[in-house]
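Asks: Sharing a model that was predicted from the sequence below.
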Amino acid sequence: MNKEKAGQKALNARKTKRLTQAELSEISSISIRTIQRLESGDVIPRVYTLKTLSKYLDVDLLNESEDSEEMDNKNFVCLY
């Protein structure tokens, strides 16, 4: 997971929804400090945190390891 991309996506989604960090913290029950650290790219958050924030921000924060353009340019091997 790219913590900077996940944090930036969370920040953009929060601003799009016109929520402050405090408001998002209150509705999601995620501490404001955790939200601050995620948005600044300081930490790789727990899956629970990403799932919870994804729910309230209406974005998928769990799959921020790759951009869709990067995914298109990679070679994938399928192992059976």
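Replies: That came in fine, so what should we check first?
Asks: what's the helix or strand for residue 62?
Replies: Secondary structure assignment for residue 62, by DSSP states H and E: no helix or strand.
Asks: what packs against the longest helix along the chain?
Replies: In the chain, taking DSSP state H as the definition, the longest helix is helix 3-16. If you count contacts as 3 or more Cβ pairs under 8 Å, 6 or more residues apart in numbering; DSSP states H and E, helix 3-16 packs onto helix 32-40, helix 47-57. (Each C-beta comes from the backbone N, C-alpha and C, glycine too.)
Asks: Which positions in the last one come out as buried?
Replies: In other words, helix 47-57. 49-50, 52-54, 56-57 (16 or more other Cβ atoms under 10 Å).
Asks: from the chain's centre, how far out does the longest helix of the chain sit?
Replies: 6 Å (Cα atoms, centre = their mean, to the nearest Å).
Asks: That helix to helix 47-57, inter-axis angle?
Replies: Taking axes from the mean of the first three to the mean of the last three Cα atoms, to 10 degrees, one finds helix 3-16 and helix 47-57 inclined to each other by 30 degrees.
Asks: got the CA positions of helix 3-16 in CSV?
Replies: In CSV, the C-alpha atoms belonging to helix 3-16 read as follows (Å, rounded to 0.1, in the frame of the first residue of the first chain):
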residue,chain,number,x,y,z
LYS,A,3,0.5,5.5,2.3
GLU,A,4,0.9,8.8,0.5
LYS,A,5,-1.6,7.9,-2.2
ALA,A,6,-4.1,6.5,0.4
GLY,A,7,-3.7,9.6,2.5
GLN,A,8,-4.1,12.0,-0.4
LYS,A,9,-7.2,10.2,-1.6
ALA,A,10,-8.7,10.3,1.9
LEU,A,11,-7.9,14.0,2.1
ASN,A,12,-9.5,14.7,-1.3
ALA,A,13,-12.6,12.7,-0.5
ARG,A,14,-13.0,14.4,2.8
LYS,A,15,-12.8,17.8,1.2
THR,A,16,-15.2,16.8,-1.5
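Asks: What count of nearby residues applies to the nearest residue to residue 32 once chain neighbours are set aside?
Replies: Excluding the flanking residues, the one nearest residue 32 by Cβ to Cβ, 6 or more residues apart in numbering is residue 25, at 4.2 Å. Residue 25: 17 surrounding residues under other Cβ atoms under 10 Å.
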